[in-house]
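J.: pasted the sequence and its predicted model underneath.
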Amino acid sequence: MEPIAGSRPGRPGLGVDGGRGTSRYAGERRDEMTDQANIGVTGLAVMGRNLARNLARHGHTVALHNRHQQRTDDLVAQFGDEGTFVPTGSAAEFVAALERPRKLIVMVKAGGPTDAVIEEFAPLLEDGDMIVDGGNAHFADTRRREKALRERGLHFVGTGVSGGEEGALHGPSIMPGGSREAYASLGPILTDIAADVDGTPCCTHIGPDGAGHFVKMVHNGIEYADMQLIAEAYDLLRHALGLEPAQIADIFRDWNTGRLDSYLIEITAQVLGHVDAATGRPFVDVVVDQAEQKGTGRWTVQTALELGVPTTGIAEAVFARSLSGGAALREAARGLPGPARAPITGAAAETLAADIEQALYASKVVAYAQGFNEIQAGAAEYDWPIDLGAVATIWRGGCIIRAAFLDDIRAAYANDPALPTLLTDGGFAEAVRDAQDSWRSVVATAARLGIPAPGFSSALSYYDALRAQRLPAALVQGQRDYFGAHTYQRVDRPGTFHTEWATRDAAEHEV
Ligand SMILES: NC(=O)C1=CN([C@@H]2O[C@H](COP(=O)(O)OP(=O)(O)OC[C@H]3O[C@@H](n4cnc5c(N)ncnc54)[C@H](OP(=O)(O)O)[C@@H]3O)[C@@H](O)[C@H]2O)C=CC1
Ligand SMILES: O=C(CO)[C@H](O)[C@H](O)COP(=O)(O)O
């Protein structure tokens, strides 16, 4: 798969110097020029700096601001010739450098820092100005901030941005929320700098208030699940087949030419192929095996729990990171007995490697299906008119989960916008049906060899539970009624019932 999809050429004539690149301090500019920056970025760490450069490269005049001015100065010193920047020192200077209605992109740490920045700038702004929060904010914070700023006459546009440092520079996937009115003004700028797949920019208005950050949150949850599944595939190839990281890198490269074609598979091959310069060992063997997390995966699961959406793949991925980080617990349990293991070889090894590809694909379909169901549930809960096909479309390029596969999801929702789950789409249903024998074999092999595969196995259980004619939930209902008179419904007639379990004849009555 291509690296981040290319950006389009800059808008001619927007830069004050015709694109040669200039950088001036706001005070100096006001003396010398009448035009101002049409967009500003505050928070110039890896993401903000590269978004600012991307904007400038596209012909926008970009006002710059950072809490500590050194980052602003560094950006101008290193990249000032890439476009037209207006570096500023104070918040007041920054605001003064922006043409009206002002558009400020905030790219700072999520949480308290974002509130601090909003509180610093909001009093300096005027009716109709727009604050775009491109950080990984919790959607509930975005809803709160949007409401508060709307009451002050300002637009607050919580915007998911994905693609990491390189994506921010070359074209991220952008998920703006906020009002339609704000998007009418911001949309052309954001689509300018977004990734582009087949002529379609990876940016669309997701919905009001927190919708953009909700979708970004679920994007990250899916990212966690996808990474966990890939990691499990690696672990099985390494420990069931006894392959070395470089050999596994070749397998991932091969998979990347097929239906698993994706950025995450591509970078996995690169990481596995990398050799540590200091020791000559595979890089993956010198990294501490404790996966960290900043919180968006956990938020996805917390939100899913509140919405009652089973996102088991994302939850397993979050828990797998937590488990890996539990050093003391792992140390205490390290010697516990497991099965004897001998690497599988010969034809059986080839079969298992092919089976792992099938298991990875099928588990990935489950993870994405669960993520899209969470977006569907969030949209219903918060009254957001989110177009799931449009979400799949803008995730095809620029973002961390970009993949050929997203095009199939786009097509599935184009075919049926009310699809209850991706698993019932004709194409996916057929592919998962064809994969299921391999999938079951991989889960069984992992269990037999004592190799943890929580993502693969929970995805398979989800699939089997969804397709079951009857679930043992009926028994759970019976248990609940027995100990707590919690009542149940019957399959053969309407109503709510309770059984008097303590009586001799366990008489049932309708309640
Ligand atoms: N890194 C990534 O791959 C991605 C990050 N994001 C999100 O984008 C945002 C920016 O991320 P990233 O570039 O990694 O930077 P960081 O999350 O590391 O944040 C650093 C920036 O926040 C500023 N900052 C921190 N605290 C305050 C404060 N109290 N007041 C004002 N400014 C403050 C810093 O200013 P100073 O220099 O003065 O310390 C600096 O500009 C975050 O919300 C992140 O979650 C989104 C997608 C991908
Ligand atoms: O937003 C992102 C990509 O879309 C970040 O890369 C993501 O926040 C990384 O998360 P974590 O540190 O929890 O793995």
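T.: Perfect, I can see it now. Ligands and ions are numbered 1, 2, ... in the order given.
J.: what count of nearby residues applies to the closest residue to I189 other than its chain neighbours?
T.: Using C-beta to C-beta, 6 or more residues apart in numbering and skipping residues adjacent in sequence, the residue nearest I189 is I39, 5.8 Å away. C-beta coordinates here come from the backbone N, C-alpha and C atoms, glycine included. By other C-beta atoms under 10 Å, the residues close to I39 number 25.
J.: show the contacting residues for I39.
T.: Listed by C-beta atoms under 8 Å, 6 or more residues apart in numbering, the contact partners of I39 are 55, 60-63, 98, 103-105, 189.
J.: mind redoing it with 7 Å?
T.: Residues near I39 by C-beta atoms under 7 Å, 6 or more residues apart in numbering: 55, 60, 62, 103, 105, 189.
J.: quick one, which of these are buried?
T.: Taking 16 or more other C-beta atoms under 10 Å as the criterion, what is buried in the contacts of I39 is 55, 60, 62, 103, 105, 189.
J.: confirm that the fifth one sits in a strand.
T.: Yes: assignment of I105 by DSSP: H, G, I helix; E, B strand; the rest coil places it within a strand.
J.: who's V86 bridged to?
T.: Taking DSSP bridges as the rule, V86 bridges to A63.
J.: which one of the buried ones among the contacts of I39 sits closest to ligand 1?
T.: Ligand 1 lies nearest to I105 out of the buried ones among the contacts of I39, by C-beta to the nearest ligand atom, at 10.3 Å.
J.: so the closest one bridges to which residues?
T.: Beta-bridge partners of I105, as defined by DSSP bridges: V41, V132.
J.: what's the helix or strand hosting E146 in contact with?
T.: For E146, the element it lies in under DSSP states H and E is helix 139-151. In this structure, residues lying in contact with helix 139-151 by C-beta under 7 Å, 6+ apart are 118, 122, 131, 133, 156, 158, 177-178, 209-210, 213-214, 217.
J.: and it, C-alpha only, in PDB?
T.: Provided in PDB are the C-alpha atoms of helix 139-151 (Å, rounded to 0.1, in the frame of the first residue of the first chain):
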ATOM      1  CA  PHE A 139     -16.300  13.700  23.000                       C
ATOM      2  CA  ALA A 140     -18.100  14.500  26.200                       C
ATOM      3  CA  ASP A 141     -15.600  17.300  26.800                       C
ATOM      4  CA  THR A 142     -16.200  18.500  23.300                       C
ATOM      5  CA  ARG A 143     -19.900  18.600  23.900                       C
ATOM      6  CA  ARG A 144     -19.400  20.600  27.000                       C
ATOM      7  CA  ARG A 145     -17.000  23.100  25.400                       C
ATOM      8  CA  GLU A 146     -19.100  23.500  22.300                       C
ATOM      9  CA  LYS A 147     -22.200  24.400  24.300                       C
ATOM     10  CA  ALA A 148     -20.300  26.800  26.500                       C
ATOM     11  CA  LEU A 149     -18.600  28.600  23.600                       C
ATOM     12  CA  ARG A 150     -21.800  28.600  21.500                       C
ATOM     13  CA  GLU A 151     -23.400  30.600  24.400                       C
END
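J.: buried ones in it?
T.: Residues of helix 139-151 classed as buried: 139, 141-146, 149 (neighbour count, 16+ other C-beta under 10 Å).
J.: do the same with stretch 97-111
T.: Of the residues in stretch 97-111, those buried (16+ other C-beta under 10 Å) are 97-98, 101-108, 110.
J.: ok, and of these, which contact ligand 1?
T.: 107-108, 110 (C-beta under 6 Å from any ligand atom).
J.: against ligand 2, how distant is L55?
T.: For L55, the distance to ligand 2 equals 19 Å [C-beta to the nearest ligand atom, to the nearest Å].
J.: same question for G83.
T.: In this view, G83 and ligand 2 are 25 Å apart by C-beta to the nearest ligand atom.
J.: wait, that residue touches L64, no?
T.: No: taking contacts as C-beta atoms under 7 Å, G83 lies outside contact range of L64: 11.2 Å.
J.: right, I'll call it a day here.
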